[in-house]
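Novice: Predicted model and sequence follow; I will ask about them next.
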Amino acid sequence: MISVRSAIEVIVGDVRPLGSERIALPQALGRVLAGSIQATRDVPPFRNAAMDGYAVRAADVTAATAETPVNLRVLETVGAGSIPSRSVTAGTAIKIMTGSPMPEGADAVVRVEDTHEELGTVHVRFPTPAGAHVRHPGEDMRCGDTVLEPGRALRPADIGLLASLGVAVVAVRRRPTVAILATGDELVELGQPLAPGQIVNSNAYTLAAAVKEAGALPRVLGIVRDTPAATRDAFAEAFLADVVLSTGGVSMGAFDLVRQTLADLGVAERFWKVAQRPGKPLTFGVRNGTPVFGLPGNPVSSLVCFYLYVRPALRAMLGLTGLHLPVVSATAAESVRTAEGLTEFVRCTLDGEPGAYRVRPTGSQGSHVLRSLSLGEALLISPPEVGTIASGSAVRVMLLGADGVPTPPV
Ligand code: AMP
Ligand code: MG
């Protein structure tokens, strides 16, 4: 049995980023950049006004006060998208809107609220220094600058940044396809009636959702009956994908056929069994570079193993460098008994503020009790040497997903 840490290291060491593909920018949200992006133009592309007001020569308005305003003749009005037809000369101004190109001769913008205009003359009531409210070409991005590095999952600001540079097509990492097969004679598909002894194949749905959330492409191959032939055929088909996930059939039962089948298909098993709870029977192997995860059948075990092992592998294949869910310090709000000799992951709720979370188990920690994972916002990590976590003690918890919070930011 290997440790959680060693299992993670083995898996991460066995996966490589996939190739790239070129996609249209509007489709690129959340996709991972395959190469760096250089600005091929200045943004903004031209000198322009940062405020609605009047483009002036700052030297003209140094003496302006509310009592003795400086009067300037208004030559024209320029809206954003138009080009000034005149130059600003001594004693003149051009009425200008935010984003309008600055006219020749002007070196400052007086805010409209600091002026009063009548009969073609603007009265400027405050001095305005040279450069005030003027935006310069390249202030945001300079032509030639590297503005985005590879390995970055594109966020809305990045999409806008690329658009402002005129990038309509972007090279991103290909998303891994993930074959999902569920082994078990007791399983039926969603929507089918349950005969005695049967349960819904919930794992396939859980894992497809988790794969999607991780940015990869699930390919649900359905239920595999617990016979050597069916198991073999299903895995053979699954190897068309970039990653193979199965659930069930990896324990000590008479119908647990996954490991033998994988060995028959030429999969090099890297490990079987991890010193953890839930999820101990996990097996992992590789065939021709394709990672194969034999996840345990119990619903909580398979999803916890997904978070710990599959998600980091998918993220590495996507070219991301931050592979793991964040772990934060917290305080145990009640005492918790955990398994000695195993790293235990306890499903917990979070109370209080980020930075000062108090965590509390969500109820029964049976590996078949998916409800307590559904309620869980985090997994408390109890190390192998710990058997009891005292109420009030400091613990480490892995956050399962940033969600909305009830408290507004300000
Ligand atoms: P196994 O490892 O195949 O013995 O499965 C362990 C437990 O997980 C059993 O109680 C199974 O019924 C259950 N299980 C296995 N596969 C699934 C699945 N796809 N969906 C829900 N529960 C499952
Ligand atoms: Mg089974």
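Specialist: Nice, I can see it. Residues are numbered from 1 along each chain as shown. Ligands and ions are numbered 1, 2, ... in the order given.

Novice: Count the neighbours of residue 408 for me.
Specialist: The number of residues packed near residue 408 is 5, by other Cβ atoms under 10 Å. All C-beta atoms are positioned from the backbone trio N, CA, C, and that covers glycine.

Novice: And the residue in the chain that ligand 1 sits nearest to, how far from residue 189?
Specialist: Closest residue of the chain to ligand 1, Cβ to the nearest ligand atom: residue 297 (2.3 Å). The gap separating residue 297 from residue 189 is 16 Å, by Cβ to Cβ, to the nearest Å.

Novice: Kindly report the same for residue 336.
Specialist: Counting by Cβ to Cβ, the gap from residue 336 to residue 189 is 37 Å.

Novice: For those two, indicate the residue with more neighbours.
Specialist: residue 336 (22 against 13).

Novice: my read: the more buried one touches residue 386, true?
Specialist: No: the criterion here is Cβ atoms under 8 Å, and residue 336 misses it with residue 386 at 9.4 Å.

Novice: For the stretch 201-350 of the chain, what lies in contact range of ligand 1?
Specialist: The stretch 201-350 of the chain has residues 201-204, 247-251, 253, 296-299 near ligand 1, with proximity defined as Cβ under 6 Å from any ligand atom.

Novice: Which members of those are classed as buried?
Specialist: By neighbour count, with 16 or more other Cβ atoms under 10 Å, these hold 201, 203-204, 247-251, 296-299 as buried.

Novice: Listing request: residues of the stretch 1-150 of the chain with sub-threshold pLDDT.
Specialist: Applying pLDDT under 70 to the stretch 1-150 of the chain picks out no residues at all.

Novice: any chance you could map the helices in it?
Specialist: Assigned by DSSP state H, counting those that start in this stretch, the helices in the stretch 1-150 of the chain fall at 4-14.

Novice: Could you check how many residues crowd around the residue in it that ligand 2 sits nearest to?
Specialist: Per Cβ to the ion, residue 1 is where the stretch 1-150 of the chain lies closest to ligand 2, at 20.6 Å. Applying other Cβ under 10 Å, we find 13 residues neighbouring residue 1.

Novice: Contact partners for it?
Specialist: With contact taken as Cβ atoms under 8 Å, 6 or more residues apart in numbering, residue 1 is in contact with 273-275, 280.

Novice: residues from the stretch 51-200 of the chain in reach of ligand 1?
Specialist: So the stretch 51-200 of the chain meets ligand 1 at 182, 184, 186-187, 199 (Cβ under 6 Å from any ligand atom).

Novice: make it 8 Å
Specialist: 182-184, 186-187, 199-200 (Cβ under 8 Å from any ligand atom).

Novice: List buried residues within the residues you listed.
Specialist: Buried subset of those (neighbour count, 16+ other Cβ under 10 Å): 182-184, 186-187.

Novice: Among the residues you listed, which lie within strands?
Specialist: 182-183, 187 (DSSP state E).

Novice: In the stretch 301-410 of the chain, which residue sits nearest ligand 2?
Specialist: For the stretch 301-410 of the chain, Cβ to the ion, closest residue to ligand 2: residue 302, 11.5 Å.

Novice: Quick check, that residue in contact with residue 205.
Specialist: No: between residue 302 and residue 205 there is no contact under Cβ under 8 Å: 11.4 Å.

Novice: Among the two, which residue is more densely surrounded?
Specialist: The residue with more neighbours, out of residue 302 and residue 205, is residue 302; 31 against 16, by other Cβ under 10 Å.

Novice: Which secondary structure element is home to that one?
Specialist: Per DSSP states H and E, residue 302 falls inside helix 299-305.

Novice: Would you map the strands across the stretch 1-150 of the chain?
Specialist: Here the stretch 1-150 of the chain has its strands, by DSSP state E, counting those that start in this stretch, at 20-24, 37-38, 48-49, 53-56, 70-78, 92-96, 108-111, 115-118, 121-124, 134-135, 146-148.

Novice: Then the stretch 251-400 of the chain?
Specialist: 268-272, 276-277, 283-287, 290-295, 327-332, 336-337, 343-351, 357-361, 378-382, 388-389, 394-399.

Novice: count of neighbours near the residue nearest to residue 10 when sequence neighbours are not counted?
Specialist: In space, and not counting its chain neighbours, residue 10 is closest to residue 270: 5.1 Å by Cβ to Cβ, 6 or more residues apart in numbering. Residues contacting residue 270 under the criterion other Cβ under 10 Å number 17.

Novice: residues in contact with the closest residue to the residue of the stretch 301-410 of the chain closest to ligand 2 other than its chain neighbours?
Specialist: Once flanking residues are discounted, residue 302 sits nearest to residue 295: 4.1 Å by Cβ to Cβ, 6+ apart. Contact analysis of residue 295 by Cβ under 8 Å, 6+ apart lists 203, 207, 245-248, 250, 279, 282, 301-302, 305-306, 310.

Novice: Would you reformat those as CSV and include pLDDT and distance to residue 93?
Specialist: Putting the contacts of residue 295 into CSV (pLDDT from 0 to 100; distance: Cβ to Cβ, whole Å) gives the following:
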residue, pLDDT, distance to residue 93
203, 98, 71
207, 98, 66
245, 98, 68
246, 98, 74
247, 98, 73
248, 98, 78
250, 96, 78
279, 98, 72
282, 98, 73
301, 98, 73
302, 98, 70
305, 98, 69
306, 98, 65
310, 98, 64
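
Novice: Test my guess that residue 225 contacts residue 185.
Specialist: Yes: contact criterion Cβ under 8 Å: residue 225 and residue 185 qualify, at 5.7 Å.

Novice: Kindly provide the distance from residue 369 to residue 256.
Specialist: 21 Å.

Novice: Next, the contact list for residue 311, please.
Specialist: Counted by Cβ under 8 Å, 6+ apart, residue 311 has contacts 210, 214, 323, 325.
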